[in-house]
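Student: Okay, here's the prediction I keep looking at, along with the sequence it came from:
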Amino acid sequence: MRPRAAAAATGLAALLSAGSSLAQGGVPVQLHWQAPPNCPQEAQVRQKLRDLLGANADAAASRLRAEGVIEPSGERFKLTLNIHYDLVNGTRVVQATFCEDLGGVAAVTLAILFRAEHSSGAPLTARDLGGSTTGALADARTAGSETEASETASRAAGSENTAAQADKQSTETPSTPKKVEQNETASTAGTTNGAATGWRFVLNLPELRTDIGVLPDASYGMGLGAGARHDAWRFLISGTFWLSHDYQAGPFLGYGAHFSRVSGELSACHGFRFGSFELAPCVLLTVDDVSGRATGPGISSTNPRIAWLSVGAGLQGLWSMGRHAAVVFGVNGRVATSRPRFVSDGVGEVSQVGPAALGVVLGCEWQF
Amino acid sequence: MPGGVFHHRASAMAVAALAVACFAMACEPTVVIGSCAPSATAGAGGVAGTPASSSADALTVPWSTGFEDGLCDYASQGYCYARHGATLSIVQSPVHDGQFAAAFTVNGNATNTSEERSQARCVRRGVMPKSASYGAWYLVPELHISDANWNLFHFLGVTESESHALWDISLATDSDGALVLTVFNFLRGTHPPITGVPPIPIGTWFHIEIQLKRSAQANGEVIVSQDGVVALHLTNLITDDTDWGEWYVGNFARKLVPELSTVYVDDITMREEQ
């Protein structure tokens, strides 16, 4: 539990300090650097990262943080780069003959992750932060091309397309599947960089909902939602068709009402990632539209309808099933700004909308 | 302050203000989702089931209901209610006449306090005629043991400051275990004797009628009859010291064995007498 608590605390600190990360040497990635005097220092790494990011260094914030440490390792030098993305952590270890190369490696690594973060809109995973790139660079080292990464970094600083060139050069070395994977990531980041606004279209379909507190008994409905994601934010507008509802009016046997209902909801959620799971507090604005028809001997009805507004909050959990799909489960509570009373001749009040409603939603989210 | 932030906050404040305003004003709009046919609701009155404020209107007479329009005949100048485990339903069998009757079911659990007493009734309310007959057909499907407060008719007088009971017609268990009518005069606190009529039949419709000449000056008159046979005739007494009243028909029980009882009621009438 202690490491988890520490990770949570670290993540929280990162969230709180995210707003100031842009001010760190002009790069959006928070970086702490420690290296022997003859190796690249923090300012140089920052400058290299800034060169690689170009205009994006000022245009977008990042949830990435990193601590880099260069240490002598026999006759070589070892870079340990601990990378954090909210509560997701990864470590990359790179060895090189010359420590000058390792500053570039760190800058390229962070630049690629920054672009991946903003090109897809989907959250980075532990695999993105650590495993594959470490392996790829280790392979490069084995192949005797330890300086390749820094050369790549130098080229990447020149133009947006140098990432692709770097890919080409990298693939000329004896490649492994992991290396190919890294190259694909770099390529994607380079080609989508121009439109790296972080906005993604989101479709929630289907949404299965249930709630209590609106109509006299629990309601069940199906709906869909559409909206957009931007960084950790998600904005959705959704609609739900609820199963019609027959209600027995208390002690008056044979008397009751038939309710039909549709609802619309605006929601804004902010996600916090824990690996492939995202927890998102939300604020909600809901409009319920209910039509009622009293039933019973001698009763006729024009099936009048009424709509009212509710405000509320909720908590959603999203379990990512890859970069484009997630399973969504949420609970929410809403307070009605109006509590219509449904009455009928003969039996009086049939039902009244409750002061608060509790809802549950289960659905699939598709991101494009 | 950036304009976007200002608008965001302003919007949030507007929504919050709307919510608070609605709560403060108790936003509870009434949506009428069912109405009785106009013929059944002719005249003034409140919504049945929700006792309305007192109406100064004289009750419309003659008046009758066979529950052919459900409870709609009570939608004007009256209401129906069922509480504390009681139910009220419109049934197609048994019926005395027409297609429907009303079933009033209560739980005569003696442990209930007077405030919790199970009861299901329909009520006509307003200024009662000076002299009128009030009648209804009842069917009691099974024999119960009653403590004499198994009430079928109840008259309540209402003044501006208070209300008090006037007359009850109830069922009591006699020495043979049969159910007989009993009348209670609340103004005197007495049970005047019922004579000349048999116990009520079980499983067969029987008719109860009370002719009430209202008077606060000791010149009133009360005639109670069962199936057209006079069971009680009282004269020269105070019968009603109020101008506004309520007439309850249905089922109310303080203590019954067995506890659960249903009575069926049909063809309730109210007509003015000269």
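Tutor: Received the coordinates, thanks.

Student: going forward, measure contacts between C-alpha atoms and count neighbours the same way
Tutor: Will do.

Student: low-scoring pLDDT stretches of the stretch 1-150 of chain B, where are they?
Tutor: B:1-26, B:38-56, B:110, B:112 (pLDDT under 70).

Student: Specify the beta-bridge partners of residue 225.
Tutor: As the question left the chain open, I've gone with chain A. residue A:204, residue A:238 (DSSP bridges).

Student: not what I meant, chain B
Tutor: Bridge pairing for residue B:225 - DSSP bridges - gives residue B:209, residue B:230.

Student: My guess is it contacts residue B:200. True?
Tutor: No. With contact defined as Cα atoms under 8 Å, residue B:225 does not reach residue B:200; the gap is 11.8 Å.

Student: Can you give me the distance of the residue nearest to residue A:216 when sequence neighbours are not counted to chain B?
Tutor: For residue A:216, ignoring the flanking residues on the chain, the nearest one in space by Cα to Cα, 6 or more residues apart in numbering or on different chains is residue A:351 at 6.3 Å. Per Cα to the nearest Cα, to the nearest Å, residue A:351 is found 10 Å from chain B.

Student: What count of nearby residues applies to residue B:71?
Tutor: Neighbour count of residue B:71, defined by other Cα atoms under 10 Å in any protein chain shown: 31.

Student: what sits against it?
Tutor: A:297-298, A:346-347, B:48, B:80 (Cα atoms under 8 Å, 6 or more residues apart in numbering or on different chains).

Student: near chain B, which residues of chain A?
Tutor: Those residues of chain A that sit near chain B, judged by Cα under 8 Å from any Cα of the partner chain, are A:251-254, A:257, A:292-306, A:336-349.

Student: Any of the residues you listed buried? List them.
Tutor: A:251-252, A:254, A:257, A:292-301, A:303, A:305, A:336-349 (16 or more other Cα atoms under 10 Å in any protein chain shown).

Student: Looking at the residues you listed, which are in strands?
Tutor: Residues of these located in strands (DSSP state E): A:252, A:257, A:292-295, A:299-300, A:305, A:336, A:341-344, A:348-349.

Student: which residue sits farthest out from the middle of chain A?
Tutor: residue A:298 (56.3 Å; Cα atoms, centre = their mean).

Student: Grab the nearest non-local neighbour of it.
Tutor: Per Cα to Cα, 6+ apart, closest to residue A:298 is residue B:69, 4.3 Å.

Student: Residue 205: what's its closest spatial neighbour, skipping adjacent residues?
Tutor: Picked chain A for this. Nearest one to residue A:205, counting by Cα to Cα, 6+ apart, is residue A:224 at 4.9 Å.

Student: not what I meant, chain B
Tutor: Closest to residue B:205 by Cα to Cα, 6+ apart is residue B:139, at 4.6 Å.

Student: And for residue A:254?
Tutor: residue A:296 is the one closest to residue A:254 (Cα to Cα, 6+ apart), at 5.6 Å.

Student: In this structure the one you found contacts residue B:68, no?
Tutor: No. Residue A:296 lies out of contact with residue B:68 (Cα under 8 Å); the separation is 11.6 Å.

Student: Can you tell me which helices and strands the one helix or strand residue A:312 maps to packs against?
Tutor: Assigned by DSSP states H and E, residue A:312 belongs to strand A:305-320. Applying 3 or more Cα pairs under 8 Å, 6 or more residues apart in numbering or on different chains; DSSP states H and E, one finds that strand A:305-320 contacts strand A:277-295, strand A:325-336.

Student: Output that strand as CSV - backbone C-alpha positions only.
Tutor: Taking C-alpha atoms only, strand A:305-320 is exported to CSV below (Å, rounded to 0.1, in the frame of the first residue of the first chain):
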residue,chain,number,x,y,z
ARG,A,305,-45.9,16.9,-20.4
ILE,A,306,-43.6,18.9,-18.4
ALA,A,307,-39.8,19.4,-18.4
TRP,A,308,-37.5,20.5,-15.7
LEU,A,309,-33.8,21.0,-14.9
SER,A,310,-31.6,19.1,-12.5
VAL,A,311,-28.0,19.8,-11.5
GLY,A,312,-25.7,17.2,-10.1
ALA,A,313,-22.4,15.6,-9.9
GLY,A,314,-21.1,12.1,-10.6
LEU,A,315,-18.1,9.9,-10.7
GLN,A,316,-17.2,7.8,-13.8
GLY,A,317,-14.8,5.0,-14.2
LEU,A,318,-13.4,4.3,-17.7
TRP,A,319,-11.5,1.1,-18.4
SER,A,320,-9.5,1.6,-21.6
